[in-house]
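**Q** fold the following.
(chains A and B)
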Amino acid sequence: DTGVSQDPRHKITKRGQNVTFRCDPISEHNRLYWYRQTLGQGPEFLTYFQNEAQLEKSRLLSDRFSAERPKGSFSTLEIQRTEQGDSAMYLCASSLDGIPPNEQFFGPGTRLTVL
Amino acid sequence: LAKTTQPISMDSYEGQEVNITCSHNNIATNDYITWYQQFPSQGPRFIIQGYKTKVTNEVASLFIPADRKSSTLSLPRVSLSDTAVYYCLVGAMGMNRDDKIIFGKGTRLHILP
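**A** From the prediction side, this is the model:
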């Protein structure tokens, strides 16, 4: 399968713990995005990378959130000191840079539950 | 970033054509209009994209009037498997623009037998 993969698919943690999610984009895609989605809402943009550079971060991304994309390949999203409000589906997507904006390919998501 | 407004939900029957209209009054000159589909517990999936007039692919058609302040996604002969949330997005990624897309709440389409 050459699509976007995310790991783990589900994560249950206790409030105050740190969690890390991984996203493996489609190999030739230079752009990688992170979104968060809560029930009944559309995905909310968190941040995106072009190659290894993090080009934009949403105001939703508090200091407890950090994302990396070393070497411009896979990416990790870490949430420190999790809160119950962090419970959501975390989606990763990748695309090729271009005009018009190229299709974003989404992974299956990581569902986080903070108890 | 141009905001979009679309109906919260729609019902239709199998075999019917479904049209979902999206308003984007402050669309910018270099913004494109893109539609995504999302099934429960899955990530969104690209359906179609356009800039002006009409675009058609094997899944849907996208109608964009001359003023580009709205767009209509047309799904021909829907089936039960078309039940999903449909998002209208407006944005232009690339040089000189914000490089993110904003999802609204989408339109929940429910196809009835």
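
**Q** A:L115 is in contact with A:K11, correct?
**A** No - using C-beta atoms under 8 Å, A:K11 is not in contact with A:L115, being 11.1 Å away. (Glycine included, C-beta is placed from N, CA and C.)

**Q** so these two - more neighbours on which side?
**A** Comparing A:K11 with A:L115 by other C-beta atoms under 10 Å in any protein chain shown, the one with more neighbours is A:K11, at 19 against 10.

**Q** what's the spacing between the strand or helix carrying that one and its chain's center?
**A** Taking DSSP states H and E as the definition, A:K11 sits inside strand A:10-13. Computed by C-alpha atoms, centre = their mean, to the nearest Å, the chain-centroid distance of strand A:10-13 equals 15 Å.

**Q** ok, now stretch B:104-113?
**A** Using C-alpha atoms, centre = their mean, the distance from the centre of stretch B:104-113 to the centre of the chain it belongs to is 12 Å.

**Q** what does stretch B:45-61 give?
**A** Counting by C-alpha atoms, centre = their mean, stretch B:45-61 is centred 9 Å from the centre of its parent chain.

**Q** so where's chain A uncertain?
**A** Along chain A, the parts satisfying pLDDT under 70 run over A:1, A:99-100.

**Q** how about it: which residue is closest to chain B?
**A** Using C-beta to the nearest C-beta, the closest approach of chain A to chain B is made by A:F106 at 2.8 Å.

**Q** so where is chain B shaky, pLDDT-wise?
**A** Judged by pLDDT under 70, chain B has its weakly predicted residues at B:1-2, B:92-101.

**Q** repeat the analysis, applying 80 as the threshold.
**A** Counting by pLDDT under 80, chain B shows low-confidence ranges at B:1-2, B:92-102.

**Q** surely A:E28 meets A:L96?
**A** Yes - under the criterion of C-beta under 8 Å, A:E28 is in contact with A:L96, at a separation of 7.1 Å.

**Q** more neighbours: which of these two?
**A** Higher neighbour count among A:E28 and A:L96: A:L96, with 14 against 8, using other C-beta under 10 Å.

**Q** please enumerate the strands of chain B.
**A** Assignment of strands within chain B using DSSP state E yields the ranges B:9-13, B:18-23, B:32-38, B:45-50, B:53-56, B:61-64, B:70-75, B:84-91, B:107-112.
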